[in-house]
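Undergrad: Sequence first, then the predicted structure, then my questions.
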Amino acid sequence: MGLHLGDTAPDFTAMTTDGELSFHDWKQGAWAVFFSHPADFTPVCTTELGRTAALSSEFAKRNTKAMALSIDPIEDHHEWAPDIGEVTGTALNFPIVADPDHRIAELYDMIHPGEGDTSTVRSVFIVDPDDKLRLMLTYPKSVGRNFDEIVRVIDALQATDKDPIATPADWRPGDRVIVSLAVSTDDAKERFDNVEEFKPYLRYADAPK
Ligand code: BEZ
């Protein structure tokens, strides 16, 4: 059975570049970005892991931790890790899971048979502090991910958890938000600033502070 939004993210214990870690214990109380990359010593992956390392302060502001995974052995991760800092300017500052027996990759359906070999595709799972899966993205091996989008979606998830709102297309923090359909326009006017009704089902408001 596949994973779905709202499921508990499967727990696992594995060897990582930060030693043996158990996923739920490691992320306890935090959000997590758990993502796979196809292989060590590959160009796109090197840029992605460097970009993730460079975003560590943005993740920390959002109570979010990053963890990567590939099916390479831990010795390869340790050998490759210095290249990430050398090439991208930011040293690796989060764990990479070694998954040589594909145990975790299979648990998270990270290996796609049509994609050439048994290495993982570029999967992203955003997991909330209650260990629930809140977002899943899958990119092919040849296309590096947009990590600004990953930060943006964490902002959107955290904003929509806090207030009865949704976020429109291309929303960025500070932009106006959409009032939840569960809130009447009268109630929305009590609760939010500058409520505007374009349609009974589409009401914009200023983002709550
Ligand atoms: C890369 O990271 O550059 C890469 C890895 C596997 C397939 C294609 C590209």
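TA: It's in.
Undergrad: does the residue of the chain most remote from its centre count as helix, strand or coil?
TA: Checked against the mean C-alpha position of the chain, the extreme residue using C-alpha atoms, centre = their mean is Asp186, at a distance of 35.6 Å. The three-state assignment at Asp186 reads helix, by DSSP: H, G, I helix; E, B strand; the rest coil.
Undergrad: That one and Val179, how far apart?
TA: If you measure Asp186 against Val179 using C-beta to C-beta, to the nearest Å, the figure is 11 Å. In this view, the C-beta of every residue, glycine as well, is placed from N, C-alpha and C.
Undergrad: again with Arg191
TA: Arg191 sits 8 Å away from Val179 when distances are taken as C-beta to C-beta.
Undergrad: Which one's more surrounded, the two?
TA: When Arg191 and Val179 are compared on other C-beta atoms under 10 Å, the one with more neighbours turns out to be Val179, at 25 against 15.
Undergrad: Please give me every residue in contact with the more buried one.
TA: For Val179, the residues meeting the contact criterion (C-beta atoms under 8 Å, 6 or more residues apart in numbering) are Pro164, Ile165, Thr185, Ala188, Phe192, Val195, Arg203, Tyr204, Ala205.
Undergrad: Skipping adjacent residues, who's closest to Ala9 in space?
TA: Sequence neighbours aside, Val127 is the residue nearest to Ala9 in space, at 4.4 Å (criterion: C-beta to C-beta, 6 or more residues apart in numbering).
Undergrad: For that neighbour, give me phi and psi.
TA: phi -120, psi 130 (degrees, to the nearest 10).
Undergrad: surely it meets Ile154?
TA: No: counting by C-beta atoms under 8 Å, no contact exists between Val127 and Ile154, whose distance comes to 10.7 Å.
Undergrad: Which neighbours do the two have in common?
TA: Looking at what touches both Val127 and Ile154 (by C-beta under 8 Å, 6+ apart), the common residues are Trp31, Val33.
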